[in-house]
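Q: structure of the sequence below:
(chains A, B, C and D)
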2 protein chains.
Amino acid sequence: MSRPTISAVARAAGVSVASVSRVLNGQPATAEMTERVRRAAAELSYVPDARARSLKVGRTLQLTLAVADVGNPVYVTMMRAVEGVVSAAGYRLVVTATGPEVADEVALVQGMARGYADGLVISPLRVDDDLIKAIQVCDVPVVVAGNVPAKAGVDTVRANSPKGVAMAVEHLLATGRERIAFVNGPVDTVPGTARAKGFAEAIKRYGLTAAGTAEATDFTFAAGRAAGRELFRTSRPDAVICANDLIAVGVMHELAGYGLTVPEDVAVVGMDDSELAELSFPPLTSVNLGSAERGRRAAELLLARIEDDTRAPRRIVVQPTLSVRRSTA
Amino acid sequence: MSRPTISAVARAAGVSVASVSRVLNGQPATAEMTERVRRAAAELSYVPDARARSLKVGRTLQLTLAVADVGNPVYVTMMRAVEGVVSAAGYRLVVTATGPEVADEVALVQGMARGYADGLVISPLRVDDDLIKAIQVCDVPVVVAGNVPAKAGVDTVRANSPKGVAMAVEHLLATGRERIAFVNGPVDTVPGTARAKGFAEAIKRYGLTAAGTAEATDFTFAAGRAAGRELFRTSRPDAVICANDLIAVGVMHELAGYGLTVPEDVAVVGMDDSELAELSFPPLTSVNLGSAERGRRAAELLLARIEDDTRAPRRIVVQPTLSVRRSTA
DNA sequence: GCATTGACTGTAAACGATTACAAGAACGAT
DNA sequence: ATCGTTCTTGTAATCGTTTACAGTCAATGC
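A: Presented below is the predicted three-dimensional model:
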């Protein structure tokens, strides 16, 4: 048995479809009309068809969040934050995983024109001109949680990761470390380049040189572990800053394998301050790049843009904080 | 400038809308017709409206996955598995977080009637008659990843967690442990009751008594930590089985606080064998309840059900395996 | 050369809602 | 009693597609 339509309800209540629609959407009607429609709708357990409704009114009440990897705890944090804002505003959140390829992201943005959703928050790992162009010509509002050039003219919420790296360096120096190494993620990603630059600047500012660097092939535990092995083959730093928490945990595991203890022999700092930082052992000092706040602000920006499409694009920068835990004590 | 519609394309190409639709959907047409339509569509960068299309054809090509907590790594695993199957079949995956309340889940299932998606995989923490009834009367296919009574007559994929707990007990006994404690999650949840039952049966079978039990208020790290504290106030087990990995990690942190080392003083076993088990320190022995496989099978069941709605409901049970790591070495 | 076939193409009716517009009812003012 | 106003309700158009059906036209067979 198929779903009842609005005309079935109208027939059952003995009124017109227009009246049913009006009553169910809270427009004024007599008490008797309201009663009859309500009763008939309940009787048939009618629920309006979202497809038809969104075709007519031009809105789906769905928003999309696109992230590179649903498994990365930092995206989980962002997801929760976005979900909170979005559902409070009466929208449903659709979470999509883009692949690691920038082409996937371009396809996703172009696909938005199909009207699946009323807006998009995208957190791209890699950005190129195609993606920016796709966002610019996209006819549904898009907010980028990440770093794109100001001249692109798109709404943006980003972290200040160079400053975050600098905070980590300062903290390590202040706690007496002298030979600081850096394990980055893939340098052809947006966060990768930003963090590499931040580290280079920070140590230069303090007149230091890097006590070793390595590049993980990915922002994952396994890649972090491999990069840690690489790093310790040639260097003996007394502190390691890592491009994210997963890499940091990988490095800590590797250190344990060499009989080095954290924080006594080597201090380790992660980035993202994800739930993992708290769970890891020892608990990981981590640069909080404000993923929750970034998610929240991005969602708010998107809602505002949906409200008023003529507003000038805004670029929000969320400042980092440092969560000090035992891994650098 | 608003999106071009199919009639704009038809006008530009000098043909009828029906022809445009046919060409774009790959139905036979003359080479010239195909060429003209393709050219006009590309010219206007036309993409068909998903809302209108799904209203007409009655399908959205979206499937929904509903989980209680997007942050729980076990759901992340399941999510990835479902996403893989679903996108290979040409569907988009919509991930929704239900709240912890069963009423939220009922509302979600009822809301499916709006036609947001063509099917639903739901992994409910708590199940009651309302939820089962909602699933039964729901006119879009639903697959439950979890445990519901056979007489409910719904497609189901579930884990065998009693057997999983038994495997953990056997492993601990085989490695010389004698005083086994159990830290459960909330006992009013489906996995909570199943695991409590499994533990009670297993230790009885081996003629043991529990060396202590505690109940975390939630399947989270913080709750696990608190439950660990509770447990060790009164008991001195040499092994602890935990209802999931997050709780296990919480317990391990607590143990470290007492100067007890894992695995020398106390062995710890988690459940779910999530990514966290590998990351934790020491790496956590964990019962793999097959979340990836459960996700995969659930997705396949859903696709099959969409294909043929008359099939008798199936109940699939995925068998557990044990991933032995250092926490019980 | 004409009827028949077959392959394409166009016309128009859906899908299920919302909503502009018109029509009818009720009511008070003149 | 009549008119105008206001409030409620119904009729029908509309959103952008797909698709059943009918129509056109060339090719084929006799």
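
Q: check which helices and strands the lowest-mean-pLDDT helix or strand in chain A is in contact with.
A: Sorting the helices and strands of chain A by mean pLDDT, DSSP states H and E puts strand A:92-97 at the bottom, at a mean of 88. Packing partners of strand A:92-97 (3 or more Cβ pairs under 8 Å, 6 or more residues apart in numbering or on different chains; DSSP states H and E): strand A:62-67, helix A:73-88, strand B:92-97. C-beta coordinates here come from the backbone N, C-alpha and C atoms, glycine included.

Q: change it to 10 Å
A: If you count contacts as 3 or more Cβ pairs under 10 Å, 6 or more residues apart in numbering or on different chains; DSSP states H and E, strand A:92-97 packs onto strand A:62-67, helix A:73-88, helix A:102-111, strand A:119-123, strand B:62-67, helix B:73-88, strand B:92-97.

Q: show me the one of these that comes nearest DNA strand D.
A: helix A:102-111 (13.3 Å; Cβ to the nearest atom of the strand).

Q: ok and that closest one relative to strand A:119-123, angle-wise?
A: 170 degrees (axes from the mean of the first three to the mean of the last three Cα atoms, to 10 degrees).

Q: check which residues of helix A:102-111 are buried.
A: Within helix A:102-111, the residues scored as buried using 16 or more other Cβ atoms under 10 Å in any protein chain shown are A:102, A:104-106, A:108-111.

Q: and stretch A:83-97, by the same measure?
A: So for stretch A:83-97, counting by 16+ other Cβ under 10 Å, buried means A:83-86, A:91-97.

Q: ends of it, what's the gap?
A: Start-to-end span of stretch A:83-97 (Cα to Cα, to the nearest Å) is 15 Å.

Q: could you do stretch A:181-193 as well?
A: 16 Å.

Q: do stretch A:96-116 as well
A: By Cα to Cα, one end of stretch A:96-116 lies 12 Å from the other end.

Q: what do you get for stretch A:163-183?
A: OK, stretch A:163-183 end separation, Cα to Cα: 17 Å.

Q: same question, stretch A:147-160
A: Start-to-end, stretch A:147-160 (Cα to Cα) is 9 Å.

Q: how far off centre is that stretch?
A: 14 Å (Cα atoms, centre = their mean, to the nearest Å).

Q: which parts of it are buried?
A: A:147-148, A:152, A:154-160.

Q: and it with chain B, contact?
A: No. Between stretch A:147-160 and chain B, judged by Cβ under 10 Å from any Cβ of the partner chain, nothing touches; the nearest distance is 16.6 Å.

Q: now that stretch: mean pLDDT?
A: The average pLDDT for stretch A:147-160 rounds to 94.

Q: before we move on, what about stretch A:51-59?
A: Computed over stretch A:51-59, the average pLDDT equals 94.

Q: and that stretch, what's buried?
A: A:51-55.

Q: tell me the confidence at whatever residue of the stretch 201-329 of chain A ends up closest to chain B?
A: Of the stretch 201-329 of chain A, the residue with the smallest distance to chain B, taken as Cβ to the nearest Cβ, is A:Phe281 at 4.2 Å. pLDDT recorded at A:Phe281 is 93.

Q: that older thread, so which of the helices and strands packed on strand A:92-97 gets nearest DNA strand C?
A: Nearest of those (Cβ to the nearest atom of the strand): strand A:62-67, 15.8 Å.

Q: what's the average pLDDT for whichever strand or helix holds A:Ala214?
A: For A:Ala214, the host element (DSSP states H and E) is strand A:213-215. Across strand A:213-215, pLDDT averages out at 97.

Q: same question for the helix or strand that it is followed by: list its buried residues.
A: Counting by DSSP H and E, the element after strand A:213-215 in chain order, helix or strand, is helix A:221-234. Of all the residues in helix A:221-234, those buried under the rule 16+ other Cβ under 10 Å are A:221, A:223-228, A:230-232.

Q: same question for stretch A:319-329.
A: A:320, A:322, A:325, A:327-328.

Q: can you dump the C-alpha atoms of that stretch in PDB for me?
A: Output in PDB follows, covering the C-alpha atoms of stretch A:319-329 (Å, rounded to 0.1, in the frame of the first residue of the first chain):
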ATOM      1  CA  GLN A 319      42.700  31.600  16.500                       C
ATOM      2  CA  PRO A 320      44.400  28.600  17.900                       C
ATOM      3  CA  THR A 321      44.900  27.700  21.600                       C
ATOM      4  CA  LEU A 322      47.200  25.200  23.100                       C
ATOM      5  CA  SER A 323      46.000  22.300  25.200                       C
ATOM      6  CA  VAL A 324      48.900  21.300  27.400                       C
ATOM      7  CA  ARG A 325      48.900  17.600  28.500                       C
ATOM      8  CA  ARG A 326      51.400  15.200  29.800                       C
ATOM      9  CA  SER A 327      53.200  14.500  26.600                       C
ATOM     10  CA  THR A 328      55.200  17.700  27.100                       C
ATOM     11  CA  ALA A 329      55.200  17.900  30.900                       C
END
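
Q: show me where pLDDT drops low in chain A?
A: A:1 (pLDDT under 70).

Q: what about the strands in it?
A: Assigned by DSSP state E, chain A shows strands spanning A:62-67, A:92-97, A:119-123, A:142-145, A:155-159, A:180-184, A:213-215, A:239-242, A:267-271, A:285-288, A:315-318, A:321-323.

Q: do stretch A:183-197 and chain B meet at all?
A: No. Stretch A:183-197 lies out of reach of chain B by Cβ under 10 Å from any Cβ, never closer than 15.9 Å.

Q: likewise for stretch A:62-82?
A: Yes. Shown here: stretch A:62-82 in contact with chain B (Cβ under 10 Å from any Cβ) through A:62, A:64-65, A:69-73, A:75-77, A:79-80.

Q: what's the answer for stretch A:5-23, then?
A: No. On the criterion Cβ under 10 Å from any Cβ, stretch A:5-23 is out of touch with chain B, staying 11.3 Å away.

Q: related to what we said a few turns ago, I figured the residue of the stretch 201-329 of chain A closest to chain B hits A:Val268, correct?
A: No. Counting by Cβ atoms under 10 Å, A:Phe281 stays clear of A:Val268, with 11.6 Å between them.

Q: among these two, which residue is more densely surrounded?
A: A:Val268 (28 against 20; other Cβ atoms under 10 Å in any protein chain shown).

Q: so the more buried one is in contact with A:Leu231, correct?
A: No. Using Cβ under 10 Å, A:Val268 is not in contact with A:Leu231; the gap is 11.5 Å.

Q: shared neighbours, those two?
A: Here A:Val268 and A:Leu231 have A:183, A:237, A:240, A:251, A:255 as joint contacts, going by Cβ atoms under 10 Å, 6 or more residues apart in numbering or on different chains.

Q: which of those are buried, as a PyMOL select command?
A: Only the buried entries of the shared contacts of A:Val268 and A:Leu231 go into this PyMOL selection, using 16+ other Cβ under 10 Å:
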select buried, chain A and resi 183+237+240+251+255
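
Q: got the contact list for the nearest residue to A:Lys163 once chain neighbours are set aside?
A: Excluding the flanking residues, the one nearest A:Lys163 by Cβ to Cβ, 6 or more residues apart in numbering or on different chains is A:Pro320, at 5.7 Å. By Cβ under 10 Å, 6+ apart, the contact set of A:Pro320 is A:159-168, A:271, A:273, A:287-290.

Q: with adjacent residues omitted, what lies nearest to A:Asp128?
A: A:Val102 (5.3 Å).

Q: which residues touch the one you found?
A: Residues near A:Val102 by Cβ under 10 Å, 6+ apart: A:124-131, A:188-189.

Q: if I look at it, how far off is B:Pro313?
A: Here the criterion is Cβ to Cβ, to the nearest Å. By it, A:Val102 lies 43 Å from B:Pro313.

Q: next: A:Val157.
A: Counting by Cβ to Cβ - A:Val157 and B:Pro313 are separated by 46 Å.

Q: same question, A:Thr328
A: Look at A:Thr328 and B:Pro313: by Cβ to Cβ, they are 55 Å apart.
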